[in-house]
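> what would the 3D arrangement of this be:
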Amino acid sequence: MKSIRFTKHALAQCIERGTNELEVIEAIRNGNHKPAKQGRLEYRYDFQFDGKWQGHSYAIKRVAPIIVESETEIVVVTVYTFYF
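As a prediction, this is how the structure comes out:
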């Protein structure tokens, strides 16, 4: 598998949105993907969460990295998380 590199922005978004590099990598390796803007790909993967985020309880956390893929690597441009 290609190496996965995170931009500084993506790393900051992981912290801000309650995920981490390991979950993002798992989302890329095991999640479903669809086309995103500007020729990018969006991956989605649901994790069992059963916890609190910003004072609310949620059962599931969806990690959705946006990536650009080249011949040699995958670059994580940003990361979204959704709680439900």
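
> element containing the residue nearest to the spatial centre of the chain?
Nearest to the mean C-alpha position of the chain, counting by C-alpha atoms, centre = their mean, stands Pro65 at 3.0 Å. Element membership for Pro65, per DSSP states H and E: strand 56-69.

> just give me how far the next helix or strand after that strand sits from the chain centre.
Scanning forward in sequence from strand 56-69 by DSSP H and E, the next helix or strand is strand 73-83. Relative to the centre of its chain, strand 73-83 is centred 4 Å away, using C-alpha atoms, centre = their mean, to the nearest Å.

> strand 73-83 to strand 56-69, inter-axis angle?
Angle, strand 73-83 to strand 56-69, by axes from the mean of the first three to the mean of the last three C-alpha atoms, to 10 degrees: 160 degrees.

> tell me how far the residue of the chain positioned farthest from its centre lies from Tyr83.
Farthest-out residue of the chain from its mean C-alpha position, per C-alpha atoms, centre = their mean: Gly55, at 21.8 Å. Separation of Gly55 from Tyr83 (C-beta to C-beta, to the nearest Å) stands at 11 Å. For every residue, glycine as well, the C-beta is placed using N, CA and C.

> how much space between the closest residue to Gln13 other than its chain neighbours and Ser57?
Nearest non-adjacent residue to Gln13, counting by C-beta to C-beta, 6 or more residues apart in numbering: Val79, 4.6 Å away. As judged by C-beta to C-beta, Val79 and Ser57 stand 22 Å apart.

> which one of these two is surrounded by more residues?
The neighbour count for Val79 versus Ser57, taken as other C-beta atoms under 10 Å, is higher for Val79 (29 against 10).

> before we move on, back to that, hey, what's the residue nearest to Gln13 bridged with?
Counting by DSSP bridges, Val79 is bridged to Pro65.
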